[in-house]
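Participant: Any chance you could fold what I've pasted below:
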Amino acid sequence: MKNKLRKSSTDKVISGVCGGIADYFDISSLGIRLIFIILPANLLIYIILANIMHDSPSTL
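Facilitator: Below is the predicted model:
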């Protein structure tokens with residue numbers, strides 16, 4: 001697989017989780033953020049993903 005699920009270093013609001021998911025699926029990060037806001041129990045999922053997902057490699 002070419003893409004790996006990682007936190008985004010460029011599309012970051014809190015920790016880059018939504019930006020990383022959006023980069024992985026090649027969709028808008030706004031849609032992912034709305035899903036996390038609308039659906040219940042996503043705060044817990046977000047916290048878990050923020051701790052589990054690796055940071056993206058820094059680019060120069």
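Participant: Distance from the helix or strand of the chain with the lowest mean pLDDT to the middle of the chain?
Facilitator: Lowest on mean pLDDT, DSSP states H and E among the helices and strands of the chain sits strand 54-55, with a mean of 80. From the chain centre to the centre of strand 54-55 is a distance of 10 Å (CA atoms, centre = their mean, to the nearest Å).
Participant: residues making contact with it?
Facilitator: Contact with strand 54-55 is made by 4, 6, 7, 9, 16, as judged by CB atoms under 8 Å, 6 or more residues apart in numbering. The C-beta positions use only the backbone N, C-alpha and C, and glycine is treated the same way.
Participant: Mind doing that once more with 7 Å?
Facilitator: Outside strand 54-55, the residues within contact range by CB atoms under 7 Å, 6 or more residues apart in numbering are 6, 7, 9.
Participant: And the buried ones among the residues you listed, selectable in PyMOL?
Facilitator: Burial among the contacts of strand 54-55 is assessed by 16 or more other CB atoms under 10 Å; the matching PyMOL selection reads:
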select buried, resi 6+7
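Participant: would JSON lines of the contacts of strand 54-55 with pLDDT be doable?
Facilitator: Below are the contacts of strand 54-55 laid out as JSON lines (pLDDT from 0 to 100):
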{"residue": "6", "pLDDT": "82"}
{"residue": "7", "pLDDT": "82"}
{"residue": "9", "pLDDT": "77"}
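Participant: State the mean pLDDT of the helix or strand that contains residue 19.
Facilitator: Applying DSSP states H and E as the criterion places residue 19 in helix 17-25. Across helix 17-25, the average pLDDT comes to 87.
Participant: how far away is residue 54 from residue 30?
Facilitator: Noted for residue 54: a distance of 23 Å to residue 30, by CB to CB, to the nearest Å.
Participant: circling back to that earlier point, same list, the contacts of strand 54-55, but as a markdown table with distance to residue 34 and secondary structure please.
Facilitator: Shown next, in a markdown table, are the contacts of strand 54-55 (distance: CB to CB, whole Å; DSSP: H, G, I helix; E, B strand; the rest coil):
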| residue | distance to residue 34 | secondary structure |
| --- | --- | --- |
| 6 | 21 | strand |
| 7 | 19 | strand |
| 9 | 22 | coil |
